[in-house]
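Q: okay, predicted coordinates and the sequence, questions at the end:
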Amino acid sequence: MANLGIPSNTIEILQKYNFNFQKKFGQNFLIDTHVLEKIISAAEITKDDCVVEIGPGIGTMTQYLAEAAGHVVAVEIDKNLIPILADTLSSYDNVEVINEDILKVDINRLVQEKNGGRPIKVVANLPYYITTPIIMGLFESHVPMDSITIMVQKEVADRMQEGPGTKDYGALSLAVQYYAKPEIVANVPPNCFIPRPNVGSAVIRLTRYQEPPVKAENEKLMFALIRASFNQRRKTLVNGLGNASNVNVSKDAVREALEQMGLPETIRGEALTLEQFAQLSNLLGRK
Ligand code: SAM
C-alpha cells in the first residue's frame, strides 16, 4: 500500500472514499514523513513490542507502526474510517483495528488479552479535545506500559514539562511528572496536517517510572490536594485547602504542616514542587 505520509497518497484515499472530516473527533491527519519517522524513532519500537495506537485515522502512522512493531492494536471511534483502514492496512497481518471510543475501552483488559499483561507502548497523534482524560486514564488505571509517545497541542506539551514558578505549571504537570519522565521530541507546525489545526503541536514522550520519584503514602489525597490548590490558584494554600470541598482538612492543619516543612503560611500551591506536595499530603494524612 502507498505510504500515506506522502500528501498526494492521503488525498487520493480521501477522494476515493469521499471522506468527510469530523471536527467533533479532532481529525487532523499527518502528512509529513519526517515527523512520522521522528515519532517512531522516539518511541523506540522493536519487533518485541505490542503498540496501542489511539485514533489511527486513515492509518498513516499505523503503517509505520506495523513496520516497526510486533503487533499493533489501533482503537478508532469513527466507523466511517473502518473500511478505509481495512484497505490502507491490508498488506499487514500484525494490525488489529477496534472500532471503539478509547475512553470506554478497558485498556488493562486489552493489554491482558493482546500482550499477556506485559507492558505495551502507546503511540498516538491524539484527538486534542480529550488529551488530558486519555493520559490521566492510562496512568491512573495503572495500565502496564513502558512509554506514551504522543502528538499533542504544543501548549499542553509545555504544561506537562513545567515546574513551579511558571504560568503553565499546574495539576497536569504534577500528575504527568509523578508517573513519567516527559521529554518534548519535536515541534510540529500546522502545515504537517490535513486539515491544518489552529494551534501548534508537539510530540512528547512520557517514559513511565517503575517507581514514582516521590513517596506519597496516600496518592489519592495528594492528587486531591493538588487539584484543590490549582482550582484556586490565586489563594494561599491555607485558604485554598481550608475551604476546598474535595479535601477534609482544616486551615490550622495546613498551617501546621507548612510550618513543619519550613514554608511560609502565605505560600501558594503553584510554588510547591511535586516532592513538597507529597510531603504535605503525608503530613496531613497522618493527622
Ligand atoms: N493517527 C492519524 C494521523 O496521525 O493521521 C489520525 C490522528 S487525528 C488527530 C485523531 C484520530 O482520533 C481521528 O482519527 C479520530 O477519529 C480519532 N478519535 C477521536 N476521538 C476518539 C476516541 N474517543 N476514541 C478513539 N479514537 C478517537
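A: The structure has been received and is ready for your questions.

Q: can you confirm residue 34 is in a helix?
A: Yes: counting by DSSP: H, G, I helix; E, B strand; the rest coil, residue 34 falls inside a helix.

Q: how many residues are close by residue 32?
A: Residue neighbour count, defined by other CB atoms under 10 Å, stands at 17 for residue 32. C-beta coordinates here come from the backbone N, C-alpha and C atoms, glycine included.

Q: distance of residue 9 relative to the ligand?
A: From residue 9 across to the ligand, the span is 12 Å (CB to the nearest ligand atom, to the nearest Å).

Q: please apply the same query to residue 111.
A: 16 Å.

Q: quick one: the helices in the stretch 151-287 of the chain?
A: Ranges of helices in the stretch 151-287 of the chain, per DSSP state H, counting those that start in this stretch, are 154-161, 171-179, 219-231, 237-243, 251-260, 274-285.

Q: out of those, flag the one nearest the ligand.
A: Among those, the nearest to the ligand by CB to the nearest ligand atom is helix 154-161 (13.2 Å).

Q: so what angle separates the directions of that closest one and helix 171-179?
A: 50 degrees (axes from the mean of the first three to the mean of the last three CA atoms, to 10 degrees).

Q: mind checking how far helix 154-161 is from the chain centre?
A: 11 Å (CA atoms, centre = their mean, to the nearest Å).

Q: which residues does that helix contact?
A: 128, 131-132, 152, 168-170, 172-173, 176-177, 182-184, 187, 199-204, 206 (CB atoms under 8 Å, 6 or more residues apart in numbering).

Q: could you flag which of the residues you listed are buried?
A: For the contacts of helix 154-161, a burial check counting by 16 or more other CB atoms under 10 Å picks out 128, 131-132, 152, 169-170, 172-173, 176-177, 182-184, 201-204, 206.

Q: same question for stretch 16-34, mean pLDDT?
A: Taken as a whole, stretch 16-34 carries a mean pLDDT of 97.

Q: report the buried residues of it.
A: 19, 25, 26, 27, 28, 29, 30, 31, 32, 33.

Q: between all of these, which two are separated the most?
A: 25 and 33 (23.9 Å; CB to CB).

Q: coming back round to it: with distance to the ligand and mean pLDDT added, can I get the helices of the stretch 151-287 of the chain in TSV?
A: Conversion of these to TSV gives the following (distance: least, CB to the nearest ligand atom, whole Å; pLDDT from 0 to 100):
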stretch	distance to the ligand	mean pLDDT
helix 154-161	13	96
helix 171-179	19	96
helix 219-231	23	93
helix 237-243	33	92
helix 251-260	38	96
helix 274-285	29	97
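
Q: a markdown table for those, including distance to residue 92?
A: Formatted as a markdown table, these follow (distance: least, CB to CB, whole Å):
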| stretch | distance to residue 92 |
| --- | --- |
| helix 154-161 | 29 |
| helix 171-179 | 31 |
| helix 219-231 | 39 |
| helix 237-243 | 52 |
| helix 251-260 | 55 |
| helix 274-285 | 41 |
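
Q: closest one to residue 97 among those helices?
A: helix 154-161 (26.4 Å).

Q: give me the buried positions along that closest one.
A: 154, 156, 157, 158, 159, 160, 161.

Q: likewise stretch 34-49?
A: 35, 36, 38, 39, 40, 42, 43, 45, 49.

Q: same question for stretch 259-269.
A: Residues of stretch 259-269 classed as buried: 263, 268, 269 (neighbour count, 16+ other CB under 10 Å).

Q: now, which of those sits nearest the ligand?
A: Using CB to the nearest ligand atom, the buried residues of stretch 259-269 come closest to the ligand at residue 269, 30.9 Å.

Q: distance of the closest one from residue 89?
A: 46 Å (CB to CB, to the nearest Å).
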